[in-house]
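Participant: below: sequence and its predicted model.
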Amino acid sequence: MIFITDSVWMLASLPFVMGLLFFIVVMAIEPRSLWSGTALFALVVGVGLSAVILLFGFRDYWVNNQALSMFLVILAMGFLLFLVFFPFALGGFLIIEGIKLIRREGFSWSNCLSLGLGTLILFDLFIIPLLAQKLGDNSFYWFIASILLIITTYFSIQLAIYCLSALVNLFHPIRRRKLDQIVVLGSGLIGTVVPPLLQGRIEKGIRLQRQNPHAVLILSGGQGPGEQIPEGMAMMAWAIDHGADPDRTIAETRSKNTQENLIFSRELFASPYGKTALVTTRYHVFRALLLSRQVHMKAIGYGSKTKWYFTLNALLREFVAYLSMTKKKQIKYLLVLMSPFLLVALFNLIFST
C-alpha cells in the first residue's frame, strides 16, 4: 500500500487551508458584511479544489484505500456538479417555490419575486443562447445580450453571496451567556393583537433572556397605521404574559422602521457598549445587522422560525431592500463591469458612420 507523503498532503490541502484562514479572518474582524458569505463560498471552493487535486492529481497514492477514495469522489464530484448545474438548479428551485407561495398565499406582485427571478435566470441560460444561433453575427444583439448577461450574472452572484452571508450570521457555535441587552424588532400588529410571526420573535427573545438572566429585553416598535396601541407596548405585555422577567423587560414605542428600532432602542440600553442581540425573523436578521453596523451598534443576530416557502420570497424582498440601501455602490459596480462593452459599442458606432 502506498501512503501519501506530507508534501503531497500540504499541496493538496492548500486551497482548503487558504479558504479556512480567509473565513476565520473575516468572521473575526466583521461578519456583518457580504465578505462573510464570500468567505464561506471560498471555504467551500477550497474544500472542493483540495478534493479534486487529490482525486485527479494524486490518485496513485490513495487508489488502494477504498474508504478515502469514495470520500474524495463524493467531495470532488459534488463540487464539480455544483459548479456546472447550480445556475440551472437555482432558477428551477426559485420557480417551483414561487408557484408554491402564490398557491398558498395568493397572488400579489411581492409574492412573484422568486418566480420572476427564477424565470429571468432560466431565460438568460436557455433563451438567449437560442436567439444567438438564429441571429448569428448581429452586433446589436450581441451588445444587448452581453449587457443582459452581465446584469443577470452580477445580481445572481450578489444574491447568492447575500444568502450565504445571511446564513453565516444566523450560526452561533458558542452560546452567548453574557448578553447585556436583547432587542426584539417589531413587525406589525393586528389592532392590538400580536400576530404569530411576531410571537415567534418574542418567544426567541424570552429564551435568550432566560439564558442571560441579567440582560434587558427590549421590545421595539412604534404605532403604525391600523394599530390601536404602540407595537412595543403590545409586545411587552405579551412577553410578560409568556414568561419574560417583568423587572428586566421594557418597551420602545417611537420607531417606524428597522433603523429607528435600533437607534431608539439604543437609548434604553443599560450598557451602551455591552453585548447586544438583535432578534427578528430569520430572513430579516442579516439586513438588521447591516443596519446595526451603519449606526455603529455592535450586535449579533438571532432569527425566529417561519415557513420555508415564505422565507425564500421574504429573503428576496430583503435582498431588494439591501440593493436599495446600496444603490449608488451597485450602479458604480455595474458601470465598471459594463464599461468594456459600452466602449466597444461606442467605437463601432463612431467608425461605422
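Facilitator: It's in.
Participant: hmm, who's touching the host helix or strand of G301?
Facilitator: Element membership for G301, per DSSP states H and E: strand 299-304. Identification of contacts with strand 299-304 by CB atoms under 8 Å, 6 or more residues apart in numbering yields 169-170, 172, 176, 183, 200-201, 203-204, 208, 275-286, 288-289, 292. (Each C-beta comes from the backbone N, C-alpha and C, glycine too.)
Participant: same check, this time on stretch 218-230
Facilitator: Counting by CB under 8 Å, 6+ apart, the neighbours of stretch 218-230 from elsewhere in the structure are 181-192, 202, 205, 231-232, 235-236, 239, 249-256, 260-261, 264-265, 268-269.
Participant: one more: stretch 264-273?
Facilitator: By CB under 8 Å, 6+ apart, the surrounding residues in contact with stretch 264-273 are 180-181, 183, 216, 218, 220, 250, 252, 254-255, 276, 295, 297-298.
Participant: between these, which is nearest T326?
Facilitator: Using CB to CB, V295 is the member of the contacts of stretch 264-273 that lies nearest T326, at 15.6 Å.
Participant: wait, doesn't the closest one sit right on N261?
Facilitator: No: counting by CB atoms under 8 Å, no contact exists between V295 and N261, whose distance comes to 10.1 Å.
Participant: which one of the two is surrounded by more residues?
Facilitator: Using other CB atoms under 10 Å, the more surrounded residue of V295 and N261 is N261, with 28 against 12.
Participant: what's the helix of greatest length in the chain packed up against?
Facilitator: Selection of the longest helix in the chain by residue count, based on DSSP state H, yields helix 66-105. The criterion is 3 or more CB pairs under 8 Å, 6 or more residues apart in numbering; DSSP states H and E, and the helices and strands that helix 66-105 contacts are helix 34-52, helix 59-62, helix 113-122, helix 139-168, helix 308-325.
Participant: compute the inter-axis angle for that helix and helix 139-168.
Facilitator: Interaxial angle of helix 66-105 relative to helix 139-168 (axes from the mean of the first three to the mean of the last three CA atoms, to 10 degrees): 100 degrees.
Participant: any idea of the angle helix 66-105 forms with helix 308-325?
Facilitator: Between helix 66-105 and helix 308-325, the angle formed by their directions is 90 degrees, by the same axes, to 10 degrees.
Participant: for the residue nearest the centre of the chain, give me its contacts.
Facilitator: Per CA atoms, centre = their mean, the C-alpha nearest to the average position across the chain is that of C163, at 2.4 Å. Applying CB under 8 Å, 6+ apart to C163 gives the contacts G37, L315, F319.
Participant: now the residues you listed in CSV, with distance to W9, neighbour count and pLDDT?
Facilitator: As requested, these are arranged in CSV below (distance: CB to CB, whole Å; neighbours: other CB atoms under 10 Å; pLDDT from 0 to 100):
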residue, distance to W9, neighbour count, pLDDT
G37, 29, 23, 93
L315, 39, 22, 81
F319, 40, 21, 85
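Participant: please name the nearest non-neighbouring residue to A251.
Facilitator: The shortest distance from A251 to any non-neighbouring residue, by CB to CB, 6 or more residues apart in numbering, is to G232 (3.6 Å).
Participant: residues in contact with the host helix or strand of that neighbour?
Facilitator: When secondary structure is defined using DSSP H and E, the element that contains G232 is helix 231-241. By CB under 8 Å, 6+ apart, the surrounding residues in contact with helix 231-241 are 184, 186, 188-189, 192-194, 198-199, 202, 205-206, 217, 219-224, 244, 246, 249-253, 255.
Participant: switch the cut-off to 6 Å
Facilitator: With contacts defined as CB atoms under 6 Å, 6 or more residues apart in numbering, helix 231-241 is touched by 186, 189, 192, 194, 202, 219-221, 246, 249, 251-253.
Participant: hmm, back to that, of the contacts of stretch 264-273, just the buried ones, PyMOL syntax please.
Facilitator: A single PyMOL command is used to select the members of the contacts of stretch 264-273 judged buried by 16 or more other CB atoms under 10 Å:
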select buried, resi 180+181+183+216+218+220+250+252+254+255+276+297
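Participant: columns distance to P31, pLDDT and secondary structure on top of the contacts of stretch 264-273, output as a markdown table?
Facilitator: Output for these, formatted as a markdown table (distance: CB to CB, whole Å; pLDDT from 0 to 100; DSSP: H, G, I helix; E, B strand; the rest coil):
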| residue | distance to P31 | pLDDT | secondary structure |
| --- | --- | --- | --- |
| D180 | 19 | 93 | coil |
| Q181 | 19 | 95 | strand |
| V183 | 18 | 97 | strand |
| V216 | 24 | 95 | strand |
| I218 | 22 | 97 | strand |
| S220 | 22 | 96 | strand |
| I250 | 28 | 96 | strand |
| E252 | 25 | 96 | strand |
| R254 | 29 | 94 | coil |
| S255 | 25 | 95 | coil |
| T276 | 14 | 94 | strand |
| V295 | 17 | 92 | coil |
| M297 | 14 | 93 | coil |
| K298 | 11 | 90 | coil |
